[in-house]
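Enquirer: predicted model, plus sequence, below.
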Amino acid sequence: MSVLITIAVLALIAFWGVAGYNRLVGLRNQVTNGWKQIDVQLKRRHDLIPNLVNTVKGAMEFERGTLEAVIDARNRAVSAAGPADAGRKEGELSAALSRFFALAENYPQLTANQNVRALQEELTGTENKIGFARQFYNDIATKYNTATEVVPTNLIAGVAGFARAELFEITNSAERDVPAVDLSMKKG
């Protein structure tokens, strides 16, 4: 009888171990999928930027430094490795694009150009998709990280070598600043 109880206990422990391991594998695969979704949107963003720069290059000849800063930031972002590095480099690219769009407002011929407007709208849509993909990734990565740290699955995670997933974080302090909005309608 005690042999049967021992076998049953060992079978339960084995079942629990396999179930915990499979859960961690599933979560890790969701984290990988979340990162790949971000990667797809980042590639789309990186592909749109040279088209936008080429479209406005002639009209913004005096802003060559801004255009070069956008391309340099894009090239650094393309070479990012992992979520933390990508978050930092994509933040730099976002800042360069913000400066670019602010300067583009000074060129009425650009704001009236259908190609420029279409590219800006595509970039805006892509930025929104990137934001949603980052949120999904951080949510699933947090769920995965929690599963690797809580008892009892942390025992399986430690033995099986499940590493923490990196999260996207705001690394540029300017991105944390609350924008100033003045709706007072004062004239000048």
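Expert: Thanks, I have the structure now. Numbering: from 1, shown residues only.

Enquirer: just give me how far stretch 80-89 sits from the chain centre.
Expert: Computed by Cα atoms, centre = their mean, to the nearest Å, the chain-centroid distance of stretch 80-89 equals 8 Å.

Enquirer: number of nearby residues for residue 142?
Expert: Residue 142 is flanked by 13 other residues according to other Cβ atoms under 10 Å. Where C-beta positions appear, they are placed from N, C-alpha and C, glycine not excepted.

Enquirer: next, the nearest residue to it once chain neighbours are set aside: phi, psi?
Expert: Excluding the flanking residues, the one nearest residue 142 by Cβ to Cβ, 6 or more residues apart in numbering is residue 167, at 7.0 Å. When read as degrees, to the nearest 10, the backbone of residue 167 gives phi -110, psi 150.

Enquirer: show me the contacts for residue 167.
Expert: By Cβ atoms under 8 Å, 6 or more residues apart in numbering, the contact list for residue 167 reads 83, 84, 138, 141, 142.

Enquirer: selecting buried members of the residues you listed in ChimeraX, what would you type?
Expert: Remark: buried members of the contacts of residue 167, expressed as a ChimeraX selection using 16 or more other Cβ atoms under 10 Å:
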select :83,138,141
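
Enquirer: which two in the contacts of residue 167 are spaced the farthest apart?
Expert: Farthest pair in the contacts of residue 167 (Cβ to Cβ) is 84 and 142. Separation: 14.5 Å.

Enquirer: how close does the most centrally placed residue in the chain get to residue 106?
Expert: What sits nearest the mean C-alpha location of the chain, by Cα atoms, centre = their mean, is residue 134, with 4.2 Å. Residue 134 sits 31 Å away from residue 106, going by Cβ to Cβ, to the nearest Å.

Enquirer: pLDDT below threshold where in the protein?
Expert: 61-62, 170-188 (pLDDT under 70).

Enquirer: ranges for the helices of it?
Expert: 2-56, 64-78, 82-104, 108-112, 114-149, 153-160, 173-176 (DSSP state H).

Enquirer: how near is residue 85 to residue 139?
Expert: 20 Å.

Enquirer: what about residue 121, neighbour count?
Expert: Residues near residue 121, counting by other Cβ under 10 Å, number 10.

Enquirer: so it versus residue 105, what's the distance?
Expert: 15 Å.

Enquirer: equivalent analysis for residue 83, please.
Expert: Distance from residue 83 to residue 105, by Cβ to Cβ: 32 Å.
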